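Asker: Predicted model and sequence follow; I will ask about them next.
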Amino acid sequence: MKTPISALLQAKSPVLHSIAPTATVQEAVALMNAHKIGCVVVLDGEKLAGIFTERDLLTRVVARGLDPRASTVAAVMTADLRTITPDTPLDQAMTLISEKRVRHLPVVENDRVIGLVSIGDVNKWAVDHLRFETESLRSYVAGGYPG
């Protein structure tokens, strides 16, 4: 699938939930719960500083016995990020998700975060694409293909 990530971004909500690195873990979790999302992008002004995920909460806060009201997002976020651009082909993003074992990929253009792609977004796109392809092939085999 050579479809660029920009096509996937156009098909999903443009809302990007973010939080400052100085925010508390409690504030980040409240934001994630309010929007029923698995992560928030951490922005220092407009600069991507990291990402805070449910996995970070479990492995870096709960497992260490940290107080979420006293711990900052900067202290427990994932700072070593894998990012993609709007031109990144979908199959390359899928490979990155699989090989690097990540669930979210920030989409960066001109040093600005313009979106976030999750493993769920990629799976949905792939399933929809395969469903369309399957129906097209069935139609062709059944003689209903215009041409």
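Answerer: Sure, I can see it.
Asker: Now A34: which helix or strand?
Answerer: Secondary structure from DSSP states H and E places A34 in helix 25-35.
Asker: after that helix, next one along is what?
Answerer: Heading C-terminal from helix 25-35 (DSSP H and E), you reach strand 39-44.
Asker: And the average pLDDT for the longest helix seen in the chain is what?
Answerer: Of all segments of type helix in the chain, defined using DSSP state H, the longest is helix 119-141. Averaging pLDDT along helix 119-141 yields 80.
Asker: and it, what other elements does it pack with?
Answerer: helix 5-10, helix 90-100 (3 or more Cβ pairs under 8 Å, 6 or more residues apart in numbering; DSSP states H and E). All C-beta atoms are positioned from the backbone trio N, CA, C, and that covers glycine.
Asker: Identify each buried residue in the helix holding A34, please.
Answerer: The neighbour-count check on helix 25-35 (16 or more other Cβ atoms under 10 Å) flags V25, E27, A28, V29, L31, M32 as buried.
Asker: With stretch 107-117 instead?
Answerer: With the criterion 16+ other Cβ under 10 Å, stretch 107-117 contains buried residues V107, V108, V113, I114, G115, L116, V117.
Asker: Pull up the distance across that stretch, start to finish.
Answerer: 7 Å (Cα to Cα, to the nearest Å).
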